[in-house]
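S.K.: Let's see this in three dimensions:
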Amino acid sequence: MHDSRSEDRRPFHLAMLGTRGVPARYGGFETAVERIGERLVARGHQVTVYARNPGQRDRRYRGMRVVNLPAVRTRTTETLSHAVLSTAHTLLADRPDAVFVFNAANAPVIPVLRAAGLPVIVNVDGLESDRAKWRGLGSRYFAWAQAAAVRWADAVIADSRAIQVRIEAAYGRATHYISYGCDPATPDTDRLRAAGLSGGEYTLVVARFEPENHVDVIVRAYRAVPGQRPLVIVGDTPYSRDFRQRVHDLAEQDDRVRLLGTIYDQPWLSALFAGARLHVHGHSVGGTNPSLLRAAVAAPVLAYDCPFNREVLGDLAVGYWRGEDDLAARLTTALAGERAAPAGDRIAARYCWDDVATAYLALAEGLITGRVAPAPGGVEPAAAPVAPRGVEPAAADPRTADESRRP
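M.R.: Numbering: from 1, shown residues only. Model prediction:
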């Protein structure tokens, strides 16, 4: 439940930039912007979301104002070029009360916004500098940008405890832990049947095709799993062409593997989550992942063994895996027995979008009104918003995220 006290205060104009915008059709940031933004609008606030979707004509979406701007569409320039244009629009045409900047890669726009007198709250996301696609100069830029974003922003949001600990230890800057929420999954046996699938009789993977999400490892491991149950994979990538081709080549070697591509139809994606016998989650560097939360509500989860996934699932997972052989063995065991019960209500109680929106609003309101002062390095912020209600996440595993993945 959200904090009804906020309804007695004046409405704010809040901007959200740094993502592909709404509708949410890409990743965790876009999902967060949509879920948080629509709730803030429902509470009487004005929300502007900056998008970068060619051909999108929506000016309004679920009450949010959508400003669709161009970007230089290469892997290394798209995010920041769009953030620069969004910042210019924010300063010249929008003038919100506060700005949420998603993705530490957008650090260069933070001092510009602050110089104009706008409070800036940055969500740093996961460990982008650790991703293989950002090798060399890209990795060094992300490492610099993360440090700069943490230093320059008025407030910093970490979506997982493990990220929070790492940021505070590295930079001596207090952060606000605000996780993501989860969405329910709705069964639809008719749609499954039309796609040639039976409820409870397929293994599901939902992931962008990037090395740190281990889609290739999952496909290789599945070859050693007996039986005829399909492995259904939802996802793709706009840039990692070599990795994408690797996944497709591996899938062609096992006729049980079904690549469905990226699915924007949310009821269909919901039906796939709800009907899965098992969800295999391979993400390793992204903090709290919304697709993991969505999967855990609907289906048993076999998760890659890293601090972020252990923080979310704790002992609610079917198990944790590291490496191809370990995954093959755990898949074989999990699929041979009865379908395990999903975490369901326990995850839903812990990760609630209403509570997430309340925490975002409380942080913005505190900075706008001066009740929450920007926190200098090493100082605990005053009146920091609390994490979403419910069970405290399990202690993070101290091991690093990706030490055993095969090349």
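
S.K.: Quick one: low-confidence residue ranges for the stretch 301-407 of the chain.
M.R.: Counting by pLDDT under 70, the stretch 301-407 of the chain shows low-confidence ranges at 373-407.

S.K.: ranges for the strands of it?
M.R.: Listed in chain order, the strands of the stretch 301-407 of the chain (DSSP state E, counting those that start in this stretch) span residues 301-304, 319-321.

S.K.: Now render those strands as TSV, adding distance to residue 14 and mean neighbour count.
M.R.: Heads up, the C-betas are built off the backbone N, CA and C, glycines and all. As requested, those are exported to TSV (distance: least, CB to CB, whole Å; neighbours: other CB atoms under 10 Å):
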stretch	distance to residue 14	mean neighbour count
strand 301-304	33	26
strand 319-321	38	21
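
S.K.: Got the domain ranges for this structure?
M.R.: Dividing the chain into domains by automatic domain parsing, as the record does, gives the ranges 4-181+353-369, 189-347.

S.K.: Among those domains, which one carries the weakest average confidence?
M.R.: Per-stretch mean pLDDT for the domains of the chain is lowest at domain 4-181+353-369 (a mean of 91).

S.K.: pretty sure residue 328 is touching residue 219, no?
M.R.: No: counting by CB atoms under 8 Å, residue 328 sits too far from residue 219 to count as a contact (11.1 Å).

S.K.: who has more neighbours, those two?
M.R.: Applying other CB atoms under 10 Å to residue 328 and residue 219 shows that residue 219 carries more neighbours, namely 25 against 19.

S.K.: Am I right that that one falls within a strand?
M.R.: No: under DSSP: H, G, I helix; E, B strand; the rest coil, residue 219 falls outside any strand and is assigned helix.

S.K.: Now it. Nearest residue, chain neighbours left out?
M.R.: Take residue 219 and drop its neighbours on the chain: the residue closest to it by CB to CB, 6 or more residues apart in numbering is residue 250, 4.4 Å away.

S.K.: which secondary structure element contains that neighbour?
M.R.: In this structure, residue 250 is located in helix 241-251 according to DSSP states H and E.

S.K.: Just the buried residues of that helix, please?
M.R.: Across helix 241-251, burial judged by 16 or more other CB atoms under 10 Å covers 243, 244, 246, 247, 250, 251.

S.K.: so the first one sits right up against residue 216, yeah?
M.R.: Yes: the pair formed by residue 243 and residue 216 meets the contact definition of CB under 8 Å, at 7.1 Å.

S.K.: related to what we said a few turns ago, can I get the strands of the stretch 301-407 of the chain in JSON lines with distance to residue 258?
M.R.: As requested, the strands of the stretch 301-407 of the chain are arranged in JSON lines below (distance: least, CB to CB, whole Å):
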{"stretch": "strand 301-304", "distance to residue 258": "18"}
{"stretch": "strand 319-321", "distance to residue 258": "21"}
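
S.K.: Quick one, which of those strands gets closest to residue 203.
M.R.: Set against residue 203 and scored by CB to CB, these come closest in strand 301-304, at 8.7 Å.

S.K.: hang on, the earlier thing: please produce TSV containing the buried residues of helix 241-251, extended by distance to residue 208.
M.R.: Conversion of the buried residues of helix 241-251 to TSV gives the following (distance: CB to CB, whole Å):
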residue	distance to residue 208
243	10
244	10
246	14
247	11
250	16
251	16
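
S.K.: OK, contacts around the nearest residue to residue 305 once chain neighbours are set aside?
M.R.: Residue nearest to residue 305 in three dimensions, not counting chain neighbours: residue 320, with 3.8 Å by CB to CB, 6+ apart. If you count contacts by CB atoms under 8 Å, 6 or more residues apart in numbering, residue 320 has them with 302, 303, 304, 305, 309, 310.

S.K.: likewise residue 101?
M.R.: With CB under 8 Å, 6+ apart, residue 101 has these contacts: 17, 18, 83, 109, 110, 113, 120, 121, 122, 123, 149, 153.

S.K.: Can you give me the neighbour number for the last one?
M.R.: Think residue 153. The tally of other residues near residue 153 (other CB under 10 Å) stands at 27.

S.K.: what's the closest of the buried residues of helix 241-251 to residue 232?
M.R.: Using CB to CB, the shortest approach to residue 232 within the buried residues of helix 241-251 belongs to residue 251, at 11.0 Å.

S.K.: what sits opposite the spatially closest residue to that closest one that is not a sequence neighbour in the beta ladder?
M.R.: For residue 251, ignoring the flanking residues on the chain, the nearest one in space by CB to CB, 6+ apart is residue 257 at 4.2 Å. In this structure, residue 257 bridges to residue 231 when assessed by DSSP bridges.

S.K.: shouldn't residue 257 be in contact with residue 219?
M.R.: Yes: the pair residue 257 and residue 219 qualifies as a contact (CB under 8 Å) at a distance of 5.9 Å.
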